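Just the structure for this:
(one chain, ligands or ions: 2)
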Amino acid sequence: MRVHREARAHGADIARPWNVARAAARDLGARAVRPPTRRLPLEEARGATLAEDLVALVGVPSYDTSAMDGYAVAGPGPWNVVGRVLAGQRDGHAALRPGQAVEIATGAPVPGGTEAVLPYEHALRRGAEVTGEARPGRHVRRAGEETARGETVLPAGTSVTPAVLGLAASLGHDALAVRRPRVAALVTGDELVHSGLPAPGTVRDAIGPLLPGMVEWAGALLEDPRHIGDGFGTMVSELSRIVTAGTVSMIVVCGASSVGPADHVRGALAELGARTVVDGVSCRPGHPQLLGHLGSLREPGPLVVGLPGNPGAALAAAVTLLVPALAALSGRADPTARSPRALPLRGEVEPHGHDTRLVAVRIEDGHAVPVGHDRPGTLRGAAMADALAVIPPGWSPPEAELVWLPR
Ligand SMILES: Nc1nc2c(c(=O)[nH]1)N[C@H]1C(S)=C(S)[C@@H](COP(=O)(O)OP(=O)(O)OC[C@H]3O[C@@H](n4cnc5c(N)ncnc54)[C@H](O)[C@@H]3O)O[C@H]1N2
Ligand code: MOO
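Numbering: from 1, shown residues only. Ligands and ions are numbered 1, 2, ... in the order given. The predicted structure is shown next:
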């Protein structure tokens, strides 16, 4: 680590190209010690990632049922109405013989022998007799017709969304086998305040509020961030405490990533024996970000991500290293890399001589349109943006790769 500092002091650039750094983050996340698979009740599983394929424990529907309110009929009409079946009725009606019908509710089990359901709107009822045009098979949903029992409906790696939870319930599940890494964060800076108007010389912490959503987007859970001052000793002891507790798969350190007298991340990680995988990324904003890990080369973990203190730079670093590494740890696809992967850029953007520019853009009519306000010290551009457009050195317009942001 000291070597790195000296290398920097003498102007040597050890920063990785942006795309190489992002690939390294994914690779490390995939190789790192996985968080354990846990079986969580449905109500606690939202936001996690399926650790196993989701299999139908029952078919959908699970019994032959009516898709309409009306009459279940057997054979050709007219039909003699011999009863009524409502939804939730567990003791099914006796099988129908040709010429018989029962009044039936949507979702109720159809009696054996039912050939069709005649909706009320198409039925003419006179006393116990009903007539109408019933086409064979109409409005009867057969057991397993949508999903067969035992069918795999979702692969491991799927994000547990509200729809997944509803589906899991309808397939008979009470709990799901999921993975959800836990993440600890240290937000550093003597100048930071966490509420109200910042007095001169103080700054409102903008990264603490940004972090939980970024972490959850990658399928993980952030423990309450710790706010610490700029001391080296405090950083070492806080990092040791987190490592010793052994509950997290990743530690995020915000600020203290540069080369000033209070920028202790590298020194503190060296003190703990951490290995550095990425030390600086050739991108703007987000240059001083870093990625490393504790544990061995064979079994890396927990991972450590250093985010620059400038909030816009912290967000750029989060989509470069933090989210790709964490999504890989969760076992899900990297949400920053969803489709479309690239779009034509509309507007003037000049590539930088040797760094990749990350430009806040909004997607309009299939084009990436810069929104401005995306300098390192602000989140104003990112707050308006759908994605960051990746503009490497030597880029030629119009097609630009996109790094998506959570919306
Ligand atoms: N001599 C050099 N100085 C700097 C370099 C460099 O290469 N050589 N890099 C610059 C770049 S680029 C960035 S980015 C910053 C990174 O700084 P640190 O990660 O060390 O963070 P701090 O120095 O603590 O803070 C920088 C800046 O951001 C504000 N800040 C910090 N934390 C927060 C927070 N949680 N919420 C809002 N704002 C925060 C802090 O007040 C400073 O204004 O270093 C450059 N310097
Ligand atoms: O790149 Mo710094 O990360 O400009 O703010």
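
chain center to stretch 237-253: distance?
Chain-centre distance of stretch 237-253: 23 Å, with C-alpha atoms, centre = their mean, to the nearest Å.

So for it, what gets flagged as buried?
For stretch 237-253, the neighbour count (16 or more other C-beta atoms under 10 Å) marks E238, L239, I242, V243, V248, S249, M250, I251, V252, V253 as buried. C-betas here are computed from N, CA, C, even on glycine.

Find the nearest non-adjacent residue to the residue in the stretch 51-200 of the chain that ligand 2 sits nearest to, please.
Relative to ligand 2, the nearest point of the stretch 51-200 of the chain is G189 (14.3 Å; C-beta to the nearest ligand atom). Leaving aside its chain neighbours, G189 sits nearest to G255 (4.9 Å; criterion: C-beta to C-beta, 6 or more residues apart in numbering).

Number of residues surrounding the one you found?
26 (other C-beta atoms under 10 Å).

backbone phi and psi for it, please?
Backbone torsions of G255, given as degrees, to the nearest 10, read phi 90, psi -180.

same thing with S237?
According to degrees, to the nearest 10, the main-chain angles of S237 amount to phi -70, psi -40.

From D230, how far out is A389?
34 Å (C-beta to C-beta, to the nearest Å).

I'd assumed E52 was in contact with A177.
Yes. At 4.4 Å, A177 counts as touching E52 under the criterion of C-beta atoms under 8 Å.

who touches both of the two?
Residues touching both A177 and E52 by C-beta atoms under 8 Å, 6 or more residues apart in numbering: T37.

centre of the chain versus stretch 281-291, how much separation?
Counting by C-alpha atoms, centre = their mean, stretch 281-291 is centred 23 Å from the centre of its parent chain.

Please could you give me each C-alpha atom of it, formatted as PDB?
C-alpha atoms of stretch 281-291 as PDB (Å, rounded to 0.1, in the frame of the first residue of the first chain):
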ATOM      1  CA  VAL A 281     -10.100   3.800 -11.900                       C
ATOM      2  CA  SER A 282      -9.400   6.000 -14.900                       C
ATOM      3  CA  CYS A 283     -12.800   7.600 -15.000                       C
ATOM      4  CA  ARG A 284     -14.300  11.000 -14.300                       C
ATOM      5  CA  PRO A 285     -15.900  11.300 -11.800                       C
ATOM      6  CA  GLY A 286     -14.800   8.500  -9.500                       C
ATOM      7  CA  HIS A 287     -11.100   8.300 -10.000                       C
ATOM      8  CA  PRO A 288      -9.900   7.400  -6.400                       C
ATOM      9  CA  GLN A 289     -12.300   4.500  -5.900                       C
ATOM     10  CA  LEU A 290     -10.900   1.100  -4.800                       C
ATOM     11  CA  LEU A 291     -11.700  -2.500  -4.400                       C
END
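
which residues touch the residue of the stretch 51-200 of the chain closest to ligand 2?
Going by C-beta under 8 Å, 6+ apart, G189 touches V203, D205, G229, D230, G255, A256, G309.

what does the stretch 251-400 of the chain put close to ligand 2?
Contact residues, the stretch 251-400 of the chain versus ligand 2 (C-beta under 6 Å from any ligand atom): R284, P285, G286, H287, P288, P308, N310, A313, P376.

Go through the residues you listed and single out the one with the most neighbours.
The residue in these with the most neighbours, by other C-beta under 10 Å, is G286 (30 neighbours).
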